[in-house]
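Novice: curious how this folds, go ahead:
(2 chains)
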Amino acid sequence: MGINQTLSYDALVVGGGIAGLQAALDLADQDYSVAVVERDASIGGTMIRLSKVFPTLDCASCITTPKMAAAAHHPKITILTYCELESMEKDGQGRVRAVVRKKPRYVDEDKCIGCRQCEYHCPVYVPDPDQGNFAARKAICVPFSNAVPQIAVMDPDHCMLCGTCAKVCPTGAVVYDQKPETLIIEALTAVVATGFSVTPLEDKAQYGSGTIPNVITGLQMERLLAPHGPYNRVLRPSDGMEPDSIAFVQCAGSRDKSMGIPYCSRICCMYAIKQAMLLSGALPLADITIYYMDIRAFGKGYEQFFQNAQAMGIQFVKAKVALIEPGEDGSVTVRYEDQMSGGTTQVSHDLVVLSSGKVPGWNPQGRCPLTVGPDGFISGPEPKLAPTRTVEEGIFAAGAAVGLKDIVDSIAEASAAAMHAANYLESRKKGLGAVA
Amino acid sequence: MGKEQGATKKGADKEVMKALRAARKETIRRVSAQVKEQKKIIASITGELKKGPRTVPEIAEAVGLPAGEVLWWIASLKKYGAVLEGEKQGAYFTYRAKD
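Specialist: Alright, predicted model coming up:
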């Protein structure tokens, strides 16, 4: 049904998170043309949704937005948001050929000026996943305040076709009957940077399967701590109380065979410590406890960061939490086995944050001939010496798509993938020149 | 000429809307009912706030909704400028309607 359009670039980057943007910028700065395909309506990935980053405590938005803008304004980079990669394979000449489904925004991207008049006037309030579902967006809205591009998206499942948005739009950008389009992207090389996602709260019965009020995920806590968060401060979601006692439950999914995630998710120790530090700044009188199995503070400056948190009075309890139950008046009861003193203990908290397991953000199976390991992350022939190589020559992978890693490592690996891709591009271009 | 273009466009829109409304009948019915309910809730919360600053549990009691749902509405109405945060009372913040 859709209109087919074929676009050609030197390189295709799949995923517009921090790794994908870094790879795209590194390639584009070497004068290669790059297309970035992003399934969300904005680039920026997980990082743009964070409050601050460890161990520097930089504001995530302040350091991600310039990269997003640099990529969006780069003359050699084309950003294709709200686009789903349907398939990607090599053709007979070794070129990468990707089929991309451009989802309808129901808004003309060329006409929308991001003024948000449609959003302000839309009468339908919808839970906003970009705010941890703690507040509403509208059925038509710009995804979030620092989204790139600043173009509205309509959610047809929550639209009653009242016509208000079209009426108030100053540029006539609303297109109620927009259809999905199919784009063909041809490139000489590709970098896959599809990131990770978080297992839902529903997955763990012992921790209430998402039904206990005031038990939230780490990413939801990021939103509570973010400057543009749903409440603009940290409040308990069940009733708006400022929490006096907050607990973090580590390995709430990771290193847990019963959850199908036997591996360590690698970033949870550090983000829990970071969130605990930010909380002790926001709520100086609150008791903050981290229940952990082991603290893995392996990166540069991480051990010092952990020690600073201990010095700040954050309590570290070496224990495996067995059970989480709803308590009195919105409190949460945590039952754990103390690994230092032994025996089971029961403690009540106002707010509990689960460090849920992290899983691959995208599965190449059936879409692309890349291979994955038993953990579901993209695998390659030389995991030690060339971690960004995949089984497909000319297709590289970087960031959390290859295996969970923090922002620093994701960026370093993205640059490495871009370097490999650039080398490959040079050899291909020489080869093609020789043939011609 | 601009006017003429506008008129043609509006005419086309009408046809398009008619076809879409027929195709999405179920969604429209569901969302319309939802919006009706939402408008009622917003009116009851802002109505309560017009009496003076209130905390979330106070609003919840007055309007007969779970406190978590009231907080969701307060956060949403604050985002779109209809509600402002006020003084703190104990462990709770108060909220007031925008003048």
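
Novice: what is the neighbour count of A:Glu325?
Specialist: Around A:Glu325 there are 16 other residues, counting by other Cβ atoms under 10 Å in any protein chain shown. The way it works is simple: take the backbone N, C-alpha and C, and place the C-beta from them, glycine included.

Novice: that one against A:Gly208, yeah?
Specialist: Yes. A:Glu325 is in contact with A:Gly208 according to Cβ atoms under 8 Å; the separation is 7.1 Å.

Novice: now the strands for chain B?
Specialist: Per DSSP state E, chain B has strands spanning B:54-55, B:83-89, B:92-97. These are given in chain order.

Novice: what mean pLDDT does stretch A:399-410 have?
Specialist: Summarised as a single mean, pLDDT over stretch A:399-410 is 97.

Novice: centre of the chain to stretch A:326-335, how far?
Specialist: When distances are taken as Cα atoms, centre = their mean, to the nearest Å, stretch A:326-335 is centred 30 Å away from the chain's centroid.

Novice: buried stuff in stretch A:159-176?
Specialist: If you call a residue buried by 16 or more other Cβ atoms under 10 Å in any protein chain shown, then stretch A:159-176 has these buried ones: A:Cys159, A:Met160, A:Leu161, A:Cys162, A:Thr164, A:Cys165, A:Ala166, A:Cys169, A:Ala173, A:Val174, A:Val175, A:Tyr176.

Novice: contacts for that stretch, please.
Specialist: Where contact means Cβ atoms under 8 Å, 6 or more residues apart in numbering or on different chains, the residues beyond stretch A:159-176 that reach it are A:104, A:106-108, A:111-113, A:115, A:117-118, A:120-124, A:139-140, A:152, A:154, B:9, B:13, B:16-17, B:20-21, B:24, B:27-28, B:31-32, B:35.

Novice: what do you get if the cut-off is 6 Å, keeping everything else the same?
Specialist: A:106-108, A:111-113, A:117-118, A:121-122, A:139-140, B:20-21, B:28, B:31-32 (Cβ atoms under 6 Å, 6 or more residues apart in numbering or on different chains).

Novice: with stretch A:417-432 instead?
Specialist: A:10-11, A:23, A:26-27, A:30, A:188-189, A:191, A:388, A:394, A:396, A:398.

Novice: one more time with 7 Å, if that's ok
Specialist: Outside stretch A:417-432, the residues within contact range by Cβ atoms under 7 Å, 6 or more residues apart in numbering or on different chains are A:10-11, A:23, A:26-27, A:30, A:32, A:188-189, A:191, A:388-389, A:394, A:396-398.

Novice: so of those residues, which ones are in helices?
Specialist: Counting by DSSP state H, the contacts of stretch A:417-432 place A:Ala23, A:Asp26, A:Leu27 in helices.

Novice: who are the contact partners of the second one?
Specialist: Contacts for A:Asp26 (Cβ under 7 Å, 6+ apart) come out as A:Ser415, A:Ala418.

Novice: same check on the first one?
Specialist: When the contact criterion is Cβ under 7 Å, 6+ apart, the partners of A:Ala23 are A:Val13, A:Val191, A:Ala193, A:Ala398, A:Ala414, A:Ala417, A:Ala418.

Novice: mind putting those into TSV with secondary structure and neighbour count?
Specialist: Compiled in TSV, these are given as follows (DSSP: H, G, I helix; E, B strand; the rest coil; neighbours: other Cβ atoms under 10 Å in any protein chain shown):
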residue	secondary structure	neighbour count
A:Val13	strand	35
A:Val191	strand	32
A:Ala193	coil	34
A:Ala398	coil	32
A:Ala414	helix	29
A:Ala417	helix	33
A:Ala418	helix	29
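
Novice: and stretch A:376-383, what's its mean pLDDT?
Specialist: Across stretch A:376-383, the per-residue pLDDT values average to 97.

Novice: what does that stretch rub up against?
Specialist: The list of residues contacting stretch A:376-383 from outside it, by Cβ under 7 Å, 6+ apart, reads A:192, A:359-360, A:363-364, A:370-373, A:387, A:389-391, A:397, A:401-403.

Novice: give me that answer again for 10 Å
Specialist: Applying Cβ atoms under 10 Å, 6 or more residues apart in numbering or on different chains, the set of residues contacting stretch A:376-383 from outside is A:192-194, A:196, A:260-261, A:263, A:359-365, A:368, A:370-373, A:386-393, A:395-404.

Novice: chain center to that stretch, what's the gap?
Specialist: The chain centroid and the centroid of stretch A:376-383 are separated by 21 Å under Cα atoms, centre = their mean.

Novice: export that stretch to PDB, keeping only CA atoms.
Specialist: Written as PDB, here are the backbone C-alpha positions of stretch A:376-383 (Å, rounded to 0.1, in the frame of the first residue of the first chain):
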ATOM      1  CA  GLY A 376      19.900 -12.700  23.100                       C
ATOM      2  CA  PHE A 377      22.500 -10.100  22.500                       C
ATOM      3  CA  ILE A 378      24.200  -9.800  19.100                       C
ATOM      4  CA  SER A 379      27.200 -12.100  18.700                       C
ATOM      5  CA  GLY A 380      30.200 -12.000  16.400                       C
ATOM      6  CA  PRO A 381      33.200 -14.100  15.300                       C
ATOM      7  CA  GLU A 382      35.700 -12.200  17.400                       C
ATOM      8  CA  PRO A 383      34.100 -11.100  20.700                       C
END
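
Novice: so for it, what gets flagged as buried?
Specialist: For stretch A:376-383, using 16+ other Cβ under 10 Å, the buried residues are A:Gly376, A:Phe377, A:Ile378, A:Ser379, A:Gly380.

Novice: what do you get for stretch A:194-214?
Specialist: Neighbour-count burial for stretch A:194-214, with 16+ other Cβ under 10 Å as criterion, is recorded at A:194-199, A:201, A:203-204, A:207-208, A:212-214.

Novice: also stretch A:393-402?
Specialist: By neighbour count on 16+ other Cβ under 10 Å, the buried set for stretch A:393-402 is A:Gly394, A:Ile395, A:Phe396, A:Ala397, A:Ala398, A:Gly399, A:Ala400, A:Ala401, A:Val402.

Novice: could I get that stretch in PDB with only the CA atoms?
Specialist: The C-alpha atoms that make up stretch A:393-402 are tabulated as PDB, following Å, rounded to 0.1, in the frame of the first residue of the first chain:
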ATOM      1  CA  GLU A 393      30.900  -8.700   6.700                       C
ATOM      2  CA  GLY A 394      30.300  -4.900   6.600                       C
ATOM      3  CA  ILE A 395      27.600  -4.900   9.300                       C
ATOM      4  CA  PHE A 396      28.900  -3.900  12.700                       C
ATOM      5  CA  ALA A 397      27.200  -3.600  16.100                       C
ATOM      6  CA  ALA A 398      27.800  -1.400  19.100                       C
ATOM      7  CA  GLY A 399      26.500  -0.400  22.500                       C
ATOM      8  CA  ALA A 400      24.000  -2.400  24.600                       C
ATOM      9  CA  ALA A 401      22.800  -4.300  21.500                       C
ATOM     10  CA  VAL A 402      26.100  -6.300  21.700                       C
END
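
Novice: for the helix or strand encompassing A:Glu303, what is the distance to the chain centroid?
Specialist: Under the criterion DSSP states H and E, the helix or strand holding A:Glu303 is helix A:302-311. When C-alpha coordinates are averaged (Cα atoms, centre = their mean), helix A:302-311 and its chain have centres 26 Å apart.

Novice: what's the burial count for A:Gly17?
Specialist: 28.

Novice: ok, the residue nearest to it when sequence neighbours are not counted - how many residues close by?
Specialist: Sequence neighbours aside, A:Gly45 is the residue nearest to A:Gly17 in space, at 2.2 Å (criterion: Cβ to Cβ, 6 or more residues apart in numbering or on different chains). Residues near A:Gly45, counting by other Cβ under 10 Å, number 27.

Novice: how near is A:Val142 to A:Asn133?
Specialist: Here A:Val142 is placed at a distance of 18 Å from A:Asn133 (Cβ to Cβ, to the nearest Å).
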